[in-house]
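1. Model the following, please.
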Amino acid sequence: MRHLLRPLAAPVTYSRWLHLLIPSTVVSLWMFISVDTPWMPCVFAVPVGLLPAIRLAEGVQAQLLLTPGERGRADASISAAPSVTWADRWRTVVWLEVRLLLAAAAGFVTVWLSATTYDLVSFSVGARPSLDWLTGFLQARWLCALFVPLPVLALLGLVVLCGEVATAAARGLLGPSPTERMTALEERTEQLLERNRIAREIHDSIGHALTVAVVQAGAARTAGSPEFTARALAAIEETGRNALDDLERVLRVLREPDLPSSARPTMVEADRLLESARGSGTKIDVEMTGPLALVPGPVSREGYRILQESLTNVLRHAGPVPVRVRIAVEEERLELEVTNPFPASPHGPGSGSGLRGIRERAALMGGKARTGPHEGEWRVHASLPLDHIR
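-> Take a look at the predicted model:
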């Protein structure tokens, strides 16, 4: 019983009924103009439904009254967008026809059941009903009183049933088209890719800064030299400032989604990473060839992060060991290579998620990244294609 009565307590049941009765006003107005042509509103619905804006208006109204819980959601089952294709326009025409027919049926049954309820009550208290069939069907007045709840219950059941039918029809006829579904899926994919990119940005930037700070602090503690300690503290301070700058860039992207990606660091700023690593006591031998400033922005930004994560892995897992860095801008590719001796740690280099992030960044640019032992050393090698030099 509770399951049957639950829809009657839901506000959406009555908003759906209101949605059904709205077209009845149009039909009623037309009946004042011409009683002999009640079918003319269905004819007028054809050219009206072909207008692109009608699908938008019907979709907004249907979302508001039929599925208010989905209003404004990207995955709403009823689309609120103008018609783009002829298929969308003809589906809108069919929806208008179905809505008019449902409205006519619902309006007629509502009036008839309401009048029946009124006559049953009137006849049971001694008044003469306006419907003559009641006097022949129900002779006893007490029997009319017993039948009063029946048309009321029938009307309530009709309210629920017609609302469900109208909602199902709207979802089928005003639902997102295949093109709209594909667009929504692409937007969702872009959002997920952006979240992953921001997560990698934070991991690479903050992880690099903390790794450098930990290595420098540990070296300063064991060195026993005031001069070395002062240099280490200065390097920690500089690394922390750079990390705060990177964090501010990432947070600005979150606060301002339209912020251009050019605000992110590029390979032109690679010297900053190298100096930060050198400040921890690491000896770095660098070989740079080619015009880094002319590398396309997306490739340069991802290359910067790959270099950053590679140096972070060296400091985290191998400590202040000699490192060879090769950066080459060739005719069609940006080549990055970071090589260092194997660490003494039993865990080995790159046991976290950093190496996976390097491979993901390279794949995102259409390139490849290889990490692992190479000729007795640990090597990270990334090759990123250049569409063209700008």
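
2. Show the residue spans covered by the helices in the stretch 101-250 of the chain.
-> Taking DSSP state H, counting those that start in this stretch as the test, the helices found in the stretch 101-250 of the chain are 132-137, 141-147, 149-173, 178-223, 226-255.

3. To Tyr118, which of these lies closest?
-> Shortest distance between Tyr118 and the helices of the stretch 101-250 of the chain, using CB to CB, is found for helix 149-173: 9.3 Å. Heads up, the C-betas are built off the backbone N, CA and C, glycines and all.

4. what residues does that closest one touch?
-> Residues outside helix 149-173 that contact it (CB atoms under 8 Å, 6 or more residues apart in numbering) are 7-8, 12-14, 16-17, 19-20, 62, 66-67, 77-78, 91-92, 94-95, 98-99, 102, 105-106, 109-110, 113-114, 116-117, 120.

5. if we can go back for a sec, may I see the helices of the stretch 101-250 of the chain organised as CSV, with mean neighbour count added?
-> Listed next are the helices of the stretch 101-250 of the chain as CSV, based on neighbours: other CB atoms under 10 Å:
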stretch, mean neighbour count
helix 132-137, 12
helix 141-147, 14
helix 149-173, 17
helix 178-223, 16
helix 226-255, 15
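
6. need those helices in a markdown table with mean pLDDT and distance to Glu375, can you?
-> Output for the helices of the stretch 101-250 of the chain, formatted as a markdown table (pLDDT from 0 to 100; distance: least, CB to CB, whole Å):
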| stretch | mean pLDDT | distance to Glu375 |
| --- | --- | --- |
| helix 132-137 | 54 | 101 |
| helix 141-147 | 66 | 96 |
| helix 149-173 | 86 | 63 |
| helix 178-223 | 71 | 25 |
| helix 226-255 | 73 | 31 |
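
7. sorry, back to before: for the contacts of helix 149-173, which PyMOL command selects only the ones that are buried?
-> In PyMOL, this line selects whichever of the contacts of helix 149-173 come out buried by 16 or more other CB atoms under 10 Å:
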select buried, resi 7+13+16+17+19+20+62+66+67+77+78+91+92+94+95+98+99+102+106+109+110+113+116+117+120
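
8. related to what we said a few turns ago, quick one: which of the helices of the stretch 101-250 of the chain is nearest Pro385?
-> Between the helices of the stretch 101-250 of the chain, helix 178-223 lies closest to Pro385; by CB to CB that is 18.8 Å.

9. Doesn't His381 lie inside a helix?
-> No - counting by DSSP: H, G, I helix; E, B strand; the rest coil, one finds His381 to be strand, located in no helix.

10. Could I get the pLDDT score of it?
-> Per-residue confidence (pLDDT) for His381: 93.

11. what's the neighbour count on it?
-> His381 has 19 neighbours, counted by other CB atoms under 10 Å.

12. if I pick it, what's in contact with it?
-> If you count contacts by CB under 8 Å, 6+ apart, His381 has them with Glu335, Leu336, Glu337, Ala369, Arg370, Thr371, His374.

13. Cross-check the contact I'm expecting between the last one and Thr339.
-> Right, His374. Yes - using CB atoms under 8 Å, His374 is in contact with Thr339, at 7.3 Å.

14. residues touching Pro265, list them.
-> Residues near Pro265 by CB under 8 Å, 6+ apart: Asp246, Arg249, Arg272, Arg301, Tyr304.

15. Out of the contacts of His381, which end up buried?
-> The buried subset of the contacts of His381 (16+ other CB under 10 Å) comprises Glu335, Leu336, Glu337, Ala369, Thr371.

16. what's across from the last one in the sheet?
-> Beta-bridge partners for Thr371, by DSSP bridges, are Val380.

17. In this structure it contacts Gly357, no?
-> No - in this structure Thr371 lies outside contact range of Gly357 using CB under 8 Å: 10.8 Å.

18. re the thing from before, in CSV, list the helices of the stretch 101-250 of the chain along with distance to Arg326.
-> Conversion of the helices of the stretch 101-250 of the chain to CSV gives the following (distance: least, CB to CB, whole Å):
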stretch, distance to Arg326
helix 132-137, 98
helix 141-147, 94
helix 149-173, 59
helix 178-223, 19
helix 226-255, 23
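
19. Val48 is nearest to which of these?
-> Judged by CB to CB, the one of the helices of the stretch 101-250 of the chain that comes nearest to Val48 is helix 149-173, at 14.7 Å.

20. And that closest one, how far out from the chain middle?
-> 33 Å (CA atoms, centre = their mean, to the nearest Å).

21. For Leu65, give me its contacts.
-> Ser15, Arg16, Leu18, His19.

22. State the mean pLDDT of the host helix or strand of Val93.
-> Assigned by DSSP states H and E, Val93 falls within helix 86-124. Taken as a whole, helix 86-124 carries a mean pLDDT of 83.

23. And stretch 307-322, by the same measure?
-> 82.

24. Can you list the buried residues in that stretch?
-> So, applying 16+ other CB under 10 Å, buried residues of stretch 307-322: 307-321.

25. Among the residues you listed, name the ones in helices.
-> Leu307, Gln308, Glu309, Ser310, Leu311, Thr312, Asn313, Val314, Leu315, Arg316, His317 (DSSP state H).

26. could you measure the fifth one against Thr339, distance?
-> Distance of Leu311 to Thr339, given as CB to CB, to the nearest Å: 12 Å.

27. circling back: out of the buried ones among the contacts of His381, which comes closest to Pro47?
-> Lowest distance from Pro47 to the buried ones among the contacts of His381 (CB to CB) belongs to Ala369, with 59.3 Å.

28. Now do the contacts for the nearest residue to the closest one once chain neighbours are set aside.
-> The shortest distance from Ala369 to any non-neighbouring residue, by CB to CB, 6 or more residues apart in numbering, is to Ala362 (3.7 Å). By CB under 8 Å, 6+ apart, the contact set of Ala362 is Glu302, Ile306, Lys368, Ala369, Ala382, Ser383, Leu384.
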